[in-house]
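S.K.: Below is the sequence, then the predicted model.
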Amino acid sequence: MMEFQNKVHIISLLLLTFAFSSILGVPKEQEQDRISALPGQPRVEFSQFSGYVTVNEQHGRALFYWLTEAPISPENKPLVLWLNGGPGCSSVAYGASEEIGPFRINKTGSSLYLNEYAWNKGHYVPQLAKKIHDYNKMNPLVINLKGFMVGNAVTDSYNDGIGTVTYWWSHSLISDQSYKSILKYCNFTAEETSKKCDDAWNYAVTYEFGNIDPYSVYTPTCTASNNNTIRHVRFKNTILHTLSGYDPCTENYAEKYYNLPEVQKAMHANVTNIPYNWTACSNVLLKFWKDSEVSVLPIYKELIAAGLRIWVFSGDTDSVVPATATRFSLNHLNLPIKTRWYPWYSSGQVGGWTEVYEGLTYATVRGAGHEVPLFQPKRAYVLFKSFLVGTDLPKY
């Protein structure tokens with residue numbers, strides 16, 4: 001029986017240009033967050049800071065952050081905020097340790113090595129960008145938000161649902177009969193689905209998919225098991241509860257490394273000494289998360305009108321929030337096309353395909369699964385650099 005990882009990874013970043021990225025001469029309490037070195041870390045030429053930012057002192061709520069500065073002139077570099085989804089999955093475990101961060105974790109879970117394509121070398125984000133935009137309209141001291149990127153993200157429940165099932169069928173993951181049954185019995189909008197919808201959905205993912213990684217349909221699955229995580233949770237029998245995320249064995253390494261007491265001490269983490277292990281995803285947040293948008297298309301429209309730089313990208317081997325789902329949803333923005341669909345290149349090879357609209361750029365990354373920088377780090381880096389500079393993706 002096929003198992004899906006029970007998490008939705010909305011991989012996103014915000015681009016801001018206020019000088020938070022250099023902490024030279026900062027107040028003492030911020031200097032206390034400086035990381036001298038992580039256990040098993042190679043020598044580096046950049047500064048790191050991590051710790052907690054209190055967001056509600058009365059209720060004891062704080063957010064953990066990990067800042068890695070650029071090696072050269074960090075005070076002149078833009079600040080990029082990276083967030084992973086879940087709900088309740090860690091940006092430390094995924095974004096920092098598998099995708100864009102400066103380090104990768106060795107298989108022993110006890111030491112680190114450098115990520116050649118670390119980005120400090122040079123569904124949550126749209127809502128956060130809107131909050132910043134609304135704040136700036138009401139306050140004289142503005143946050144200099146320039147734009148944001150969103151990758152393999154849930155966009156619009158109805159159109160995403162149709163686009164997802166279409167991807168399954170067009171990639172020969174499900175039969176004609178299952179494809180027709182799901183489209184017939186599932187309306188992709190109701191909170192409660194019908195039994196016929198559940199049955200059609202369950203049959204497809206249980207008996208037709210096979211034992212593949214749905215977040216990267218052409219790569220081998222990880223055979224290592226880890227009973228201490230919630231990774232292997234059977235896919236719920238409802239098409240409306242879109243689940244996503246990639247389950248590589250590297251998640252095991254992250255959970256082992258970040259639970260080492262010396263690592264938590266170096267990162268100024270777990271200062272309250274919680275009596276249980278840290279996990280890459282929180283089952284509690286996943287179970288009780290209720291703050292999900294049915295559609296972020298209205299938010300896109302507002303932020304496009306505000307002039308923000310918006311890029312949306314898809315790894316083209318992800319079957320859970322696939323390229324077809326995102327394209328179906330974005331088409332309903334009815335944006336004028338500036339540059340028609342064309343292949344973009346990385347090192348002489350097609351890196352993916354892109355189309356540029358008035359106010360939004362969409363791109364695919366060829367051969368990448370749900371966590372694009374994990375599967376195609378070089379192509380993801382080309383994508384990121386083009387976004388930062390504000391240029392179209394290279395045509396050769």
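M.R.: Perfect, I can see it now.
S.K.: quick one, what contacts Thr54?
M.R.: Neighbour list for Thr54: 61-62 [criterion: Cβ atoms under 8 Å, 6 or more residues apart in numbering]. Just so you know, the C-beta spots here come from the backbone N, C-alpha and C atoms, and that holds for glycine as well.
S.K.: repeat that for 10 Å
M.R.: 60-63 (Cβ atoms under 10 Å, 6 or more residues apart in numbering).
S.K.: same thing with Val44?
M.R.: Neighbouring residues of Val44 by Cβ under 10 Å, 6+ apart: 37-38, 68-69, 71, 102-103, 112, 114, 118, 120.
S.K.: give me that answer again for 8 Å
M.R.: Applying Cβ under 8 Å, 6+ apart, the residues near Val44 are 71, 102, 114.
S.K.: Against Pro126, how distant is the last one?
M.R.: Read it as Leu114. According to Cβ to Cβ, to the nearest Å, Leu114 and Pro126 sit 32 Å apart.
S.K.: Secondary structure class of Arg327, three-state.
M.R.: helix (DSSP: H, G, I helix; E, B strand; the rest coil).
S.K.: Just checking, which helix or strand of this protein averages the lowest pLDDT?
M.R.: strand 11-16 (a mean of 56; mean pLDDT, DSSP states H and E).
S.K.: After it, which helix or strand is next? Please name it.
M.R.: helix 28-31 (DSSP states H and E).
S.K.: State the mean pLDDT of the helix or strand following that next one.
M.R.: Using DSSP H and E, the helix or strand that directly follows helix 28-31 along the chain is strand 34-35. Averaging pLDDT along strand 34-35 gives 92.
S.K.: just checking, what packs against strand 34-35?
M.R.: For strand 34-35, the packing partners by 3 or more Cβ pairs under 8 Å, 6 or more residues apart in numbering; DSSP states H and E come out as strand 48-56.
S.K.: And the closest residue to Ala93 other than its chain neighbours, how far from Lys395?
M.R.: Nearest non-adjacent residue to Ala93, counting by Cβ to Cβ, 6 or more residues apart in numbering: Ala280, 3.8 Å away. Note on Ala280: its distance to Lys395, by Cβ to Cβ, is 38 Å.
S.K.: Look at the two and report which has more neighbours.
M.R.: Per other Cβ atoms under 10 Å, whichever of Ala280 and Lys395 has more neighbours is Ala280, with 28 against 10.
S.K.: Looking at the contacts of Thr54, which are in strands?
M.R.: If you go by DSSP state E, the contacts of Thr54 have 61-63 in strands.
S.K.: Who wins on neighbours among those?
M.R.: Ala62 (15 neighbours).
S.K.: Sketch out the low-pLDDT regions of the chain for me.
M.R.: 1-27, 86, 121-125, 190, 224-248, 286-291 (pLDDT under 70).
S.K.: Where do the strands of it begin and end?
M.R.: Ranges of strands within the chain are 11-16, 34-35, 48-56, 61-68, 79-83, 103-105, 112-114, 145-151, 309-315, 337-346, 349-357, 360-365, based on DSSP E.
S.K.: could those strands be laid out in a markdown table, adding distance to Pro261?
M.R.: Listed next are the strands of the chain as a markdown table, based on distance: least, Cβ to Cβ, whole Å:
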| stretch | distance to Pro261 |
| --- | --- |
| strand 11-16 | 30 |
| strand 34-35 | 15 |
| strand 48-56 | 15 |
| strand 61-68 | 16 |
| strand 79-83 | 26 |
| strand 103-105 | 16 |
| strand 112-114 | 17 |
| strand 145-151 | 34 |
| strand 309-315 | 35 |
| strand 337-346 | 41 |
| strand 349-357 | 42 |
| strand 360-365 | 38 |
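S.K.: Which one of these lies nearest to Gly210?
M.R.: Each of those has some distance to Gly210 by Cβ to Cβ; the shortest is strand 309-315, at 20.1 Å.
S.K.: send the alpha carbons of the closest one over as PDB?
M.R.: Output in PDB follows, covering the C-alpha atoms of strand 309-315 (Å, rounded to 0.1, in the frame of the first residue of the first chain):
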ATOM      1  CA  ARG A 309       8.400  41.000  -8.000                       C
ATOM      2  CA  ILE A 310       6.600  37.700  -8.000                       C
ATOM      3  CA  TRP A 311       8.000  34.400  -9.300                       C
ATOM      4  CA  VAL A 312       6.300  31.000  -9.100                       C
ATOM      5  CA  PHE A 313       8.200  27.800  -9.900                       C
ATOM      6  CA  SER A 314       7.500  24.100 -10.100                       C
ATOM      7  CA  GLY A 315       9.700  21.000 -10.000                       C
END
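S.K.: For Glu192, grab the count of nearby residues.
M.R.: Residues near Glu192, counting by other Cβ under 10 Å, number 8.
S.K.: measure it to Thr206 for me?
M.R.: Glu192 sits 21 Å away from Thr206, taking Cβ to Cβ as the criterion.
S.K.: more neighbours, Leu114 and Pro126?
M.R.: Just comparing Leu114 and Pro126: by other Cβ under 10 Å the higher neighbour count belongs to Pro126, 26 against 13.
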